[in-house]
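1. Mind folding the following:
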Amino acid sequence: MQINQKLVEKFFAGQCTAEEARMVSKFLAEDHNREIYLNSAEWEDFQPAERVDKQVTDRIYVNVLDQIHHKQEAKRIRFRYLGYAASVALIATLGLLIYKLSSNSVVKRQYLSANQQRPAARVEKFITNTSAIKQTYTLPDGTIVELDPRSEVSYFPFDQGKRDVNLIGQALFRVHKDKTKPFTVFANNLATTALGTVFKITAFKKDLYTKVRLIEGKVVVKPQNKLLSAGVKTVYLLPGKVFTVNMQTYVAGVKPFNVVAPKKLETLDLGKATVTEAAIVFDNEPLAGVFNALETKLNIKIEYTTSQLNKKVFTGQYEFGRDDIDAFLNMLCSLNNLTVGQTEAGYTIKKK
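-> Just a heads-up that it's a prediction; the model follows:
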């Protein structure tokens with residue numbers, strides 16, 4: 001009889017005849033044949049943790065023969081069962097070894113995979129205004145949040161290509177510009193997304209209406225969950241518009257509202273630059289006045305030579321919490337044929 005892969009698998013499954021069992025046992029007793037399933041090094045190094053008692057093995061073997069063979073065949077085989085009882089123990093141990101090695105390999109791969117792919121824990125940050133007055137906070141990206149009483153914002157680190165914030169209550173957001181990371185506020189089943197703008201959201205849990213007011217720039221307001229199921233549509237807001245949704249009837253609409261002009265807090269002595277709650281506003285301001293205003297309000301040092309500025313002026317604004325000083329100075333200098341360098345003390349402006 002020829003020993004092949006199918007017959008060996010049949011032997012391990014306990015489906016062989018007595019004659020086949022004897023042939024396979026004899027076959028696997030040879031070292032070079034066992035290496036079909038296990039190389040010699042693994043065989044020699046193996047120390048099984050569990051061993052089957054020899055007497056138990058012998059009884060199992062006899063009982064198996066009684067069940068699967070004719071009584072006369074069984075009687076004839078019993079006289080010789082001790083000869084290959086050891087072989088059965090050997091094969092049982094071999095099967096146990098193969099199973100254990102395979103199982104250990106799978107467990108080890110799973111363990112390594114879990115440890116190699118396990119992400120670092122991301123901790124959610126909560127900011128709650130329990131006071132009786134509005135409080136101002138700065139988020140890690142530079143966005144300024146004016147948080148009303150009984151209101152709360154929460155967020156995970158802005159490290160996955162987006163800036164997501166959850167809001168309960170009411171807050172005004174002065175979003176720091178970052179085109180690579182959209183800024184989204186989730187509140188009462190609405191997702192309001194902007195790249196850099198100023199908007200206000202009212203989303204108290206027990207209020208009848210949820211509102212999104214756009215003061216500057218552009219935002220898109222997308223319904224989620226039950227609002228989406230109720231048929232509320234996505235809205236692109238323009239400045240001076242408010243999106244309102246009734247949280248009971250799900251009726252939604254867009255209306256204009258009066259945008260209050262920023263209150264002037266002071267006028268700087270150096271020129272026409274004025275300071276509001278949101279920005280430093282320049283109107284044909286000489287560059288020397290622009291640099292001095294930035295020094296004063298941002299508490300930084302900017303060195304320059306007045307003669308190199310050549311009566312250059314600037315009209316525009318530096319928005320608190322939204323503009324980055326490095327990018328702002330680079331923009332000013334590129335427009336006026338100047339270069340900006342950074343030192344330990346601050347910045348140095350020079351002519352190209």
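2. And stretch 126-142, what's buried?
-> For stretch 126-142, the buried set under the neighbour-count rule, 16 or more other CB atoms under 10 Å, comprises 127, 129, 135, 139, 142. Heads up, the C-betas are built off the backbone N, CA and C, glycines and all.
3. for stretch 171-190, that is, sorry about that
-> Buried residues in stretch 171-190 (16+ other CB under 10 Å): 171-178, 181-190.
4. Filter the residues you listed down to just the ones in strands.
-> 171, 172, 173, 174, 183, 184, 185, 186, 187, 190 (DSSP state E).
5. Residues in a beta bridge with the fifth one, which ones?
-> Under the criterion DSSP bridges, residue 183 forms beta bridges with residue 163, residue 194.
6. quick one, what contacts the closest residue in space to residue 147 that isn't next to it in sequence?
-> Residue nearest to residue 147 in three dimensions, not counting chain neighbours: residue 129, with 4.4 Å by CB to CB, 6 or more residues apart in numbering. Applying CB atoms under 8 Å, 6 or more residues apart in numbering to residue 129 gives the contacts 135, 147, 148, 149, 150, 151, 152, 169.
7. Tell me which of the residues you listed fall in helices.
-> Taking DSSP state H, every one of the contacts of residue 129 sits outside helices.
8. Quick one: neighbours of residue 305, just the number.
-> 11 (other CB atoms under 10 Å).
9. Next, work out how far apart it and residue 339 are.
-> Residue 305 is 12 Å from residue 339, where distance means CB to CB, to the nearest Å.
10. can you check residue 309 too?
-> For residue 309, the distance to residue 339 - CB to CB - is 13 Å.
11. With residue 226 instead?
-> 55 Å.
12. Tell me where the stretch 101-250 of the chain has strands.
-> Using DSSP state E, counting those that start in this stretch, the strands of the stretch 101-250 of the chain run over 125-129, 135-138, 144-147, 151-155, 163-174, 183-187, 190-194, 198-203, 209-216, 219-223, 235-237, 241-246.
13. now the ones you listed as CSV including mean pLDDT?
-> As requested, the strands of the stretch 101-250 of the chain are arranged in CSV below (pLDDT from 0 to 100):
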stretch, mean pLDDT
strand 125-129, 94
strand 135-138, 88
strand 144-147, 89
strand 151-155, 95
strand 163-174, 94
strand 183-187, 95
strand 190-194, 93
strand 198-203, 84
strand 209-216, 91
strand 219-223, 93
strand 235-237, 90
strand 241-246, 94
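14. can you redo the ones you listed as TSV with distance to residue 291?
-> Shown next, in TSV, are the strands of the stretch 101-250 of the chain (distance: least, CB to CB, whole Å):
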stretch	distance to residue 291
strand 125-129	34
strand 135-138	24
strand 144-147	23
strand 151-155	34
strand 163-174	23
strand 183-187	29
strand 190-194	30
strand 198-203	26
strand 209-216	25
strand 219-223	33
strand 235-237	36
strand 241-246	37
